[in-house]
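[1] I'd like to go over a predicted model; first the sequence, then the structure.
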Amino acid sequence: MTVPHLTLNLPAWVDICLAEFPGPITAPEERMRLVLELARQNIAYGGGPFAAAVFTHPEGVLLAPGVNMVVAGGSSVLHAVIVALMLAQKAAGCYDLGAGGQPVRELVASCEPCAMCVGALSRSGVRRLVCGARGEDTQATGFDMGDKPGDWVAKLERRGITVVPDQLRPAAIALLRGYRAAGRAMDTDQGG
Ligand SMILES: [Zn+2]
């Protein structure tokens with residue numbers, strides 16, 4: 001057999017979107033605005049309504065963005081959080097974003113992470129997680145968040161990851177509802 005190769009390239013429009021948010025982005029709400037704009041554009045270009053990005057905290061230097069690429073990339077693991085973490089670790093040159101000598105890394109996500117992304121986050125080295133929509137908001141749109149432990153916030157915090165909920169939550173919910181209202185096929189029912 002021929003062993004397949006794998007590359008991970010964000011859509012070309014992401015660079016154009018990032019140019020509208022020159023960094024560093026010191027205001028936490030502005031970081032979420034960037035992430036929600038990435039999610040909005042991902043919807044417009046045929047992807048799922050999810051985006052994420054890794055910043056340094058509190059400086060707000062963008063390390064890597066991510067958007068949901070499950071359908072585009074043909075892979076169930078390409079949730080926005082996973083894509084952002086993979087690209088951030090590539091940019092940092094290290095699988096552990098919390099390794100000694102590195103700045104504090106924050107992951108900003110348009111919605112709470114699904115079961116898979118909670119697991120990935122716990123091993124990534126990020127020290128802060130900022131979420132827009134809640135899991136219940138995402139599930140109300142018809143997405144499956146997986147078998148996530150009810151005490152996932154406490155579990156992450158025990159691993160040294162501070163969880164900040166509800167950042168621009170109404171705007172994040174509006175994106176999810178807009179996606180559903182537009183009658184977009186739930187080509188993947190996996191949230192994230
Ligand atoms: Zn996920």
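    It's in.

[2] gap between stretch 101-117 and the chain center?
    Between the mean C-alpha point of stretch 101-117 and the mean C-alpha point of its chain there is a distance of 7 Å (C-alpha atoms, centre = their mean, to the nearest Å).

[3] Between the two ends of it, how far is it?
    According to C-alpha to C-alpha, to the nearest Å, stretch 101-117 extends 25 Å from its N-terminal end residue to its C-terminal end residue.

[4] Of all the residues in that stretch, which ones are buried?
    By neighbour count on 16 or more other C-beta atoms under 10 Å, the buried set for stretch 101-117 is 102-117. Glycine gets a C-beta too; all of them are placed from N, C-alpha and C.

[5] Can you tell me which residue is spatially central in this structure?
    Centre of the chain computed as the mean C-alpha position; nearest residue by C-alpha atoms, centre = their mean is A52, 2.6 Å away.

[6] Flag every residue of this protein that's near the ion.
    The chain has residues H79, C114, M116, C117, G192 near the ion, with proximity defined as C-beta under 5 Å from the ion.

[7] ok, now which ones touch the last one?
    The one in question is G192. When the contact criterion is C-beta atoms under 8 Å, 6 or more residues apart in numbering, the partners of G192 are 50, 68, 79-82, 109, 111, 113-114, 116-117, 138, 143, 145.

[8] which ones among those are found in helices?
    Counted as lying in helices by DSSP state H, out of these, are A80, V81, I82, M116, C117, T138.

[9] From the contact counts, what lies against the longest helix seen in the chain?
    Scanning the chain for the helix with the most residues, using DSSP H, yields helix 28-44. Helices and strands touching helix 28-44, as assessed by 3 or more C-beta pairs under 8 Å, 6 or more residues apart in numbering; DSSP states H and E, comprise helix 13-18, strand 51-56, strand 62-67, strand 105-111, strand 128-133, helix 169-181.

[10] Next, the angle strand 62-67 makes with it.
    Between the axis of helix 28-44 and that of strand 62-67 there is an angle of 30 degrees, by axes from the mean of the first three to the mean of the last three C-alpha atoms, to 10 degrees.

[11] pLDDT on helix 28-44, on average?
    Along helix 28-44, the predicted confidence averages to a pLDDT of 97.

[12] Quick check, the residue in the chain closest to the ion?
    Per C-beta to the ion, the residue of the chain with the smallest distance to the ion is G192, at 2.5 Å.
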